[in-house]
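Asks: Whatever this is, show me its structure:
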Amino acid sequence: MLKLPTLLASALFATVALPVSAAPADTAKATDRCETEVSETIRRMRGRDAKEVQFLAAKRVALPSGDDETAIKGEGRYKGTAGSVSFTYSCAYNAASDATSGVVFRDAGATRAAPEKAFEPDLTNVSPEACEAAAAGALKRQHPRVGRINFGADSRRMQPGTNGRVELVGKGSVERAPGMNLIPFSYRCQVEPRSGKVVDISTTE
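Replies: Below is the predicted model of the structure:
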C-alpha cells in the first residue's frame, strides 16, 4: 500500500509529464499569407495575362492539420486575356516558422465575353476592282515609269473602316520600271458603302 507522500509525488509527476498543447495557428494570418503566396504564384506562372486576382471568401476553408499547421483551400478568379478565369487553390501555413508551403492552383476555365456581332456591311456598291484601280493609280504616281502591276485576288480582305466605311486590304507586286524585278506591296483603301466611292487609298512597298 502506497503511503500518502508517495501518492502525492506520483500525482505531481503525472501532472508535469502531461504535454503542453501549442496555441492554435492564427487562421486569419494563415489565410492572408497563403492567399498572398497564391497571388504571387499565379502572376509568376501566368505573367501579364493574370490581373486583378480575387479570392471568394464564401468558398474558403481553413483546416487545422497540426499544432502549428493550417491548410487553406478555396476558389478565386483573375482577369486574363480571354476573360475572367476561375481557379481553385490550396496552401499550408506553419505558424511556428511563419512560412507557407505546398501552394497549388488550377485554372477552372475562362468565362469569355459575348462574341462581337459579325461584320456584315452592305456590299451592293463596294467593288474590290475599284479599290485595286485606285491602288494602281497611287503606284503610278509614285513610279511614273511603272511596268506591270499585279494583284493577288486571294489576299483580298474586308474589315470595318472608320466612320461606317468599309476597308479593303490586299497584296500585289509591282514592276517599278520596265525590266526591273517585281517587288511586293500591300494596299489599303476606305470605301463609302452606299456610293462605292473610294475615299482613301494607301500603298506600302
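Asks: After the lowest-mean-pLDDT helix or strand in the chain, which helix or strand is next?
Replies: Each helix and strand of the chain was given a mean pLDDT (mean pLDDT, DSSP states H and E); the minimum falls on helix 4-17 at a mean of 43. Secondary structure here is assigned by DSSP states H and E; on that basis, the next helix or strand after helix 4-17 toward the C-terminus is helix 27-46.
Asks: So which elements touch that next one?
Replies: Helices and strands touching helix 27-46, by 3 or more C-beta pairs under 8 Å, 6 or more residues apart in numbering; DSSP states H and E, are strand 51-55, strand 61-64, strand 69-80, strand 83-94, strand 99-111. Glycine gets a C-beta too; all of them are placed from N, C-alpha and C.
Asks: can you list those strands in a markdown table and add mean neighbour count and mean pLDDT?
Replies: Listed next are the helices and strands packed on helix 27-46 as a markdown table, based on neighbours: other C-beta atoms under 10 Å; pLDDT from 0 to 100:
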| stretch | mean neighbour count | mean pLDDT |
| --- | --- | --- |
| strand 51-55 | 15 | 89 |
| strand 61-64 | 13 | 88 |
| strand 69-80 | 19 | 89 |
| strand 83-94 | 19 | 88 |
| strand 99-111 | 14 | 78 |
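Asks: can you put those strands in JSON lines and add distance to Q159?
Replies: Rendered in JSON lines, the data for those read as follows (distance: least, C-beta to C-beta, whole Å):
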{"stretch": "strand 51-55", "distance to Q159": "28"}
{"stretch": "strand 61-64", "distance to Q159": "49"}
{"stretch": "strand 69-80", "distance to Q159": "26"}
{"stretch": "strand 83-94", "distance to Q159": "23"}
{"stretch": "strand 99-111", "distance to Q159": "26"}
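Asks: Which of those sits closest to G137?
Replies: When the helices and strands packed on helix 27-46 are ranked by proximity to G137, the top entry is strand 83-94, at 44.7 Å, counting by C-beta to C-beta.
Asks: List the strands paired with that closest one, with their directions.
Replies: According to DSSP bridges, strand 83-94 has the following sheet partners: strand 69-80 (antiparallel), strand 99-111 (antiparallel).
Asks: Which per-residue confidence value corresponds to A133?
Replies: A133 is assigned 91 on the pLDDT scale.
Asks: tally of neighbours for it?
Replies: As a burial measure, the neighbour count of A133 was computed by other C-beta atoms under 10 Å and equals 15.
Asks: 26 is where my numbering starts, stick with that
Replies: Fine by me, first position is 26 from now on; the one you just mentioned is A158.
Asks: A helix includes it, no?
Replies: Yes - secondary structure assignment places A158 in a helix (DSSP: H, G, I helix; E, B strand; the rest coil).
Asks: What sits closest to F210 if chain neighbours are left out?
Replies: Counting by C-beta to C-beta, 6 or more residues apart in numbering, the nearest residue to F210 once its immediate chain neighbours are dropped is E230, at 4.5 Å.
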